[in-house]
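Novice: no sequence on hand, only this structure:
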């Protein structure tokens, strides 16, 4: 039971999603180009349709984080490396990009990514 | 899930309506629905996915916290904490008391 | 498709019914829900983020720490917790303007900005800002010069983004508290200049 005296503890401690990677190493490096996979799972995923099959560059490795595609579906946390990936507007929106030199960043787990 | 929630880049939604000096909660029920999120017993990913699974018309037509309420009902039923009949019975009882 | 029936007319009743059941089943006590409403309704809000920004404007070493590890830096000021466990601060410069969204739902840095406004969670914002940020910002009254790159941050994981606006000209004499009063919630989302 959540009692009133425990609320502040819950709120201010938070619930970090980062987990230890153990012996695993990230597959991709900062500065590397990656391509998002053309995946269309029926279950939960955090790779938006507008960014599938697109090439971006990794700007940060955020560590290992709980993987929503598994955690939402009763598959457990299954932590995966999480990357900050930057895409150009031209890459996402093609010749209809509002300003081709603008960019967009998404945080994407390793199973979403492959080498171009 | 290639669902209605995946709105990035979708055309047709028009102007962004903004409210000056907007309250955090527009109605007391919104505040309660918000607070329930912390005790539904689902992880955050299950919570998001429950909202995503609302049918598209409901998703776009329901207000933000109404989506939370509907998702909470579904999660509690799926997890066996309450059953649908219990919820409907309690709603009916409250309606009768209000009448 | 089944005929759509709006839930809104009876939604308050549904919320009340669910709360009664949650309490009766021993999942929560009402005072705990009251405390949550109190915290997020009145105590956690954008004044937190504004203090972080003002500190970054006046303390170069803090700014460096903020840009390197925002989670730790904002914790120095006492800001931490749910939906702020992994914070990244992104600074606006003469060459880059940042704007934040969550296209898939409504992810937002609660400990720094409180709960998001309706427009941030709305389909128009979520759909349009990733595709046409310049048109969206213009609608908000912010015109970004063509030579400035707009960088949109779609919060697809638990990383939460705080935009650090540029310090306005003519504020050199102001103390941190007065500077914090200049920083708006929209400035920290990226839909305003400051």
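Specialist: Sure, I can see it. All values reported here derive from a predicted model rather than from experimental measurement.
Novice: now do the same for residue 55: its pLDDT.
Specialist: You didn't say which chain, so I picked chain A. At residue A:55, the pLDDT value in this model is 98.
Novice: hmm, I had chain C in mind actually
Specialist: 98.
Novice: residues contacting it?
Specialist: Residue C:55 is in contact with C:62, C:66, C:77, C:176, counting by Cβ atoms under 8 Å, 6 or more residues apart in numbering or on different chains. Just so you know, the C-beta spots here come from the backbone N, C-alpha and C atoms, and that holds for glycine as well.
Novice: again with residue C:56
Specialist: For residue C:56, the contacting residues are C:62, C:63, C:66, C:89, C:91, C:164, taking Cβ under 8 Å, 6+ apart as the criterion.
Novice: shouldn't residue C:98 be within a helix?
Specialist: No: note on residue C:98: no helix contains this position according to DSSP: H, G, I helix; E, B strand; the rest coil, which reports strand.
Novice: and it, what are its bridge partners?
Specialist: When bridges are called by DSSP bridges, residue C:98 pairs up with residue C:151.
Novice: that older thread, of the contacts of residue C:55, which is the most crowded?
Specialist: Looking at the contacts of residue C:55 with neighbours defined as other Cβ atoms under 10 Å in any protein chain shown, the largest count falls to residue C:66 at 26 neighbours.
Novice: could I get the contacts of residue C:56 as a markdown table with distance to residue C:124 and secondary structure?
Specialist: Formatted as a markdown table, the entries for the contacts of residue C:56 read as follows, by distance: Cβ to Cβ, whole Å; DSSP: H, G, I helix; E, B strand; the rest coil:
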| residue | distance to residue C:124 | secondary structure |
| --- | --- | --- |
| C:62 | 36 | helix |
| C:63 | 34 | helix |
| C:66 | 31 | helix |
| C:89 | 27 | strand |
| C:91 | 27 | strand |
| C:164 | 26 | strand |
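Novice: closest to chain A among those?
Specialist: Top of the list for closeness to chain A, among the contacts of residue C:56 and by Cβ to the nearest Cβ, is residue C:89 at 12.5 Å.
Novice: can you check what pLDDT the model gives the closest residue to that closest one other than its chain neighbours?
Specialist: Nearest-residue entry for residue C:89: residue C:70, 4.0 Å, with adjacent residues in sequence omitted and distances by Cβ to Cβ, 6 or more residues apart in numbering or on different chains. Looking at residue C:70, its pLDDT stands at 98.
Novice: can you name the residue of chain C nearest chain B?
Specialist: Taking Cβ to the nearest Cβ as the measure, chain C has residue C:103 as its residue closest to chain B, at 3.4 Å.
Novice: quick check, that residue in contact with residue A:46.
Specialist: No: using Cβ atoms under 8 Å as the test, residue C:103 is too far from residue A:46 to be in contact (10.1 Å).
Novice: residues shared between the contacts of those two?
Specialist: Where contact means Cβ under 8 Å, 6+ apart, the residues bridging residue C:103 and residue A:46 through contact with each are residue C:156.
Novice: who has more neighbours out of these two?
Specialist: Here residue C:103 and residue A:46 are set side by side on neighbour count (other Cβ under 10 Å), and the busier one is residue C:103, at 30 against 25.
Novice: please report phi then psi for the residue lying closest to the more buried one once chain neighbours are set aside.
Specialist: With Cβ to Cβ, 6+ apart as the measure, residue B:8 is the residue that lies nearest to residue C:103, at 3.4 Å, once sequence neighbours are left out. Taking degrees, to the nearest 10, you get phi -50, psi 120 for the backbone angles of residue B:8.
Novice: residue B:8 and residue C:154 touch, don't they?
Specialist: Yes: the pair residue B:8 and residue C:154 passes the contact test of Cβ under 8 Å, sitting 6.6 Å apart.
Novice: can you list the buried residues in the longest helix seen in chain A?
Specialist: Looking across chain A with DSSP state H, the single longest helix is helix A:4-13. Burial within helix A:4-13, assessed by neighbour count using 16 or more other Cβ atoms under 10 Å in any protein chain shown, is assigned to A:7, A:10, A:11, A:12.
Novice: residue B:34 and residue C:36 touch, don't they?
Specialist: Yes: counting by Cβ under 8 Å, a contact exists between residue B:34 and residue C:36, whose distance comes to 7.3 Å.
Novice: ok so, going back, separation between the residue nearest to residue C:103 and residue A:36?
Specialist: In this structure, residue B:8 and residue A:36 are separated by 13 Å, where distance is defined by Cβ to Cβ, to the nearest Å.
Novice: of the two, which one has the most company?
Specialist: The residue with more neighbours, out of residue B:8 and residue A:36 and counting by other Cβ under 10 Å, is residue B:8; that gives 25 against 21.
Novice: for the more buried one, give me its contacts.
Specialist: Neighbour list for residue B:8: A:48, A:49, A:50, A:51, C:103, C:104, C:126, C:127, C:130, C:131, C:154 [criterion: Cβ under 8 Å, 6+ apart].
Novice: chain B next: which of the buried residues of helix A:4-13 are close?
Specialist: Of the entries in the buried residues of helix A:4-13, the ones placed beside chain B under the rule of Cβ under 8 Å from any Cβ of the partner chain are A:7, A:10.
Novice: could you dump the buried residues of helix A:4-13 to a markdown table with distance to chain C?
Specialist: As requested, these are exported to a markdown table (distance: Cβ to the nearest Cβ, whole Å):
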| residue | distance to chain C |
| --- | --- |
| A:7 | 4 |
| A:10 | 7 |
| A:11 | 5 |
| A:12 | 4 |
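Novice: sorry, back to before: now the buried members of the contacts of residue B:8.
Specialist: By neighbour count, with 16+ other Cβ under 10 Å, these hold A:48, A:49, A:50, A:51, C:103, C:104, C:126, C:127, C:130, C:131, C:154 as buried.
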